[in-house]
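Give the three-dimensional model of this entry:
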Amino acid sequence: MKKNSTNKKTIIAIIAVCVLAVCVLLFFFLSKKTSTFIMKNDVSSGPSQENNIEEDGIKAANLQAVQEAESQIAAQPVKSISSEDHFLGNLDAPIQLIAYSDFACPFCLEFNDTIGRITEEFGDKVAVAFRHFPLAAHAYAMPAAIASECAAEQGKFWEMHDKLFENNQEKIFHSEQFKKDAADIGLNAAKFNQCLETEKYKNKIQDQILEARNFGVSGAPASFVNGEPLQGAYQFEDFTRPNGDKEEGMKSIIERHLKD
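This next block holds a predicted model:
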C-alpha cells in the first residue's frame with residue numbers, strides 16, 4: 001500500500017514538471033511574439049488593441065499555470081521515516097526528525113551538533129533519520145556519502161557517520177582518510193575499498209538528492225520535524241537572525257510539536 005502511494009506521488013510530480021515545462025515554453029514564446037509585434041508596429045498607427053489584450057490574457061493564464069505547477073511540486077510532503085532509512089530511535093516516536101545533510105558541509109557539521117543535543121534532551125521521544133544531500137561545491141561530499149553507505153553495508157553506518165563529521169571538523173577530508181576510518185571502525189578493508197572505488201552507491205545517493213528536491217530541499221542542511229520544513233543549520237536554542245528576526249530553535253520547535 002505504501003509503495004502504491006509513493007508511486008502515485010512520483011507520477012504526480014512527473015506530471016507537474018511536464019506541465020511546468022510546457023507552460024514556461026509557451027509563456028516565453030508568447031512574450032517573444034508580443035515584443036516583436038510592438039517593434040514592428042508603432043502604437044499610434046497599429047491595429048486594434050484587442051489582439052494585445054487577448055495575448056496578455058493568455059500569458060497571464062499561462063503564468064498562473066506555471067505558478068500552480070510550481071506550488072504543486074513544492075507542496076509534496078516529505079517521505080516518512082522507514083526501515084529503509086538510516087535512523088536513530090523508534091519509528092513510532094512522536095517526533096520524526098529527518099535531516100538532509102552533506103558530510104563535507106561546515107553548516108551541516110554545526111547542525112549535526114544540534115542533532116546530538118536533541119537526542120540527549122528528548123531521548124526516545126524523537127526518531128532521527130539521516131538522508132544524503134551532498135553538494136556539488138564540495139569535492140569529497142559524494143565520496144563521503146558513498147563511504148557511509150559502504151560502511152552501512154557492513155552494519156556500521158553511524159560509526160562512519162561520526163568519523164566523517166570528525167574529519168570535517170579536523171579538515172582532513174579525502175578518500176584515503178575514509179579508508180583509514182573504515183579500518184579504525186573495524187570494517188573489512190578490501191570489501192570497503194572496492195565499494196568506495198567503484199562508487200557502488202552513487203546512483204542510490206543521486207536518487208535521494210532528486211527525491212529531496214521534490215520535497216522542496218534546495219541545500220544542506222535541511223530538515224523536517226513532523227513534516228515541517230526547516231532550511232539551514234537551526235540552533236538548539238531560540239536565536240536571532242542577523243536582520244533582527246527572532247526564530248525558534250529546534251528545542252522550541254520539537255516542544256511545539258509534542259503539544260500538537
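
any chance you could map the helices in this structure?
Secondary structure of the chain (DSSP state H): helices at 2-40, 50-74, 106-122, 141-152, 157-170, 175-184, 189-197, 202-214, 250-259.

what's the least confident stretch among these?
Sorting those by mean pLDDT places helix 2-40 lowest, at a mean of 45.

What are the buried residues along stretch 237-249?
Glu248, Gly249 (16 or more other C-beta atoms under 10 Å). Where you see a C-beta, it was placed from the backbone N, CA and C, and this is true even at glycine.

ditto for stretch 131-140
Neighbour counts over stretch 131-140 (16+ other C-beta under 10 Å) mark Arg131, His132, Phe133, Pro134, His138, Tyr140 as buried.

pLDDT and distance to Asp245 for the residues you listed - can I get that in CSV?
Formatted as CSV, the buried residues of stretch 131-140 follow (pLDDT from 0 to 100; distance: C-beta to C-beta, whole Å):
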residue, pLDDT, distance to Asp245
Arg131, 98, 28
His132, 98, 30
Phe133, 98, 25
Pro134, 97, 29
His138, 95, 28
Tyr140, 97, 34
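
Let's have these in a markdown table, adding distance to Glu153.
Formatted as a markdown table, the buried residues of stretch 131-140 follow (distance: C-beta to C-beta, whole Å):
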| residue | distance to Glu153 |
| --- | --- |
| Arg131 | 17 |
| His132 | 15 |
| Phe133 | 20 |
| Pro134 | 18 |
| His138 | 23 |
| Tyr140 | 19 |
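
In strands, which of these fall?
Among those, DSSP state E puts Arg131, His132 in strands.

of the buried residues of stretch 131-140, closest to Ala183?
Set against Ala183, the nearest of those by C-beta to C-beta is Tyr140 (18.1 Å).

Give me the distance between that closest one and Ile146.
Distance check for Tyr140 against Ile146: by C-beta to C-beta, to the nearest Å, it reads 10 Å.

before we move on, what about Ala129?
Going from Ala129 to Ile146 by C-beta to C-beta gives 19 Å.

swap in Asp207?
Distance from Asp207 to Ile146, by C-beta to C-beta: 13 Å.

With neighbour numbers in mind, choose between Ala129 and Ile146.
More crowded of Ala129 and Ile146, by other C-beta atoms under 10 Å: Ile146, with 25 against 22.

can you pull the contacts of that one?
Cys195, Leu196, Glu199, Lys200, Tyr201, Lys202, Ile205 (C-beta atoms under 8 Å, 6 or more residues apart in numbering).

Apply 6 Å and report the result again.
Going by C-beta atoms under 6 Å, 6 or more residues apart in numbering, Ile146 touches Leu196, Glu199, Tyr201, Lys202.

ok, and the closest non-adjacent residue to it?
What sits nearest to Ile146 in space, not counting adjacent residues and going by C-beta to C-beta, 6 or more residues apart in numbering, is Tyr201, at 5.2 Å.

same question, Asn168
Closest residue to Asn168 apart from its sequence neighbours, by C-beta to C-beta, 6+ apart: Leu109 at 4.8 Å.

how much space between the one you found and Gly186?
Separation of Leu109 from Gly186 (C-beta to C-beta): 24 Å.

Neighbour count for the two, which is higher?
Per other C-beta under 10 Å, whichever of Leu109 and Gly186 has more neighbours is Leu109, with 20 against 10.

check contacts around that one.
Per C-beta under 6 Å, 6+ apart, neighbours of Leu109: Phe165, Asn168, Gln169.

Just among the residues you listed, which is most surrounded?
Counting by other C-beta under 10 Å, Asn168 has the largest number of neighbours within these, with 22 neighbours.
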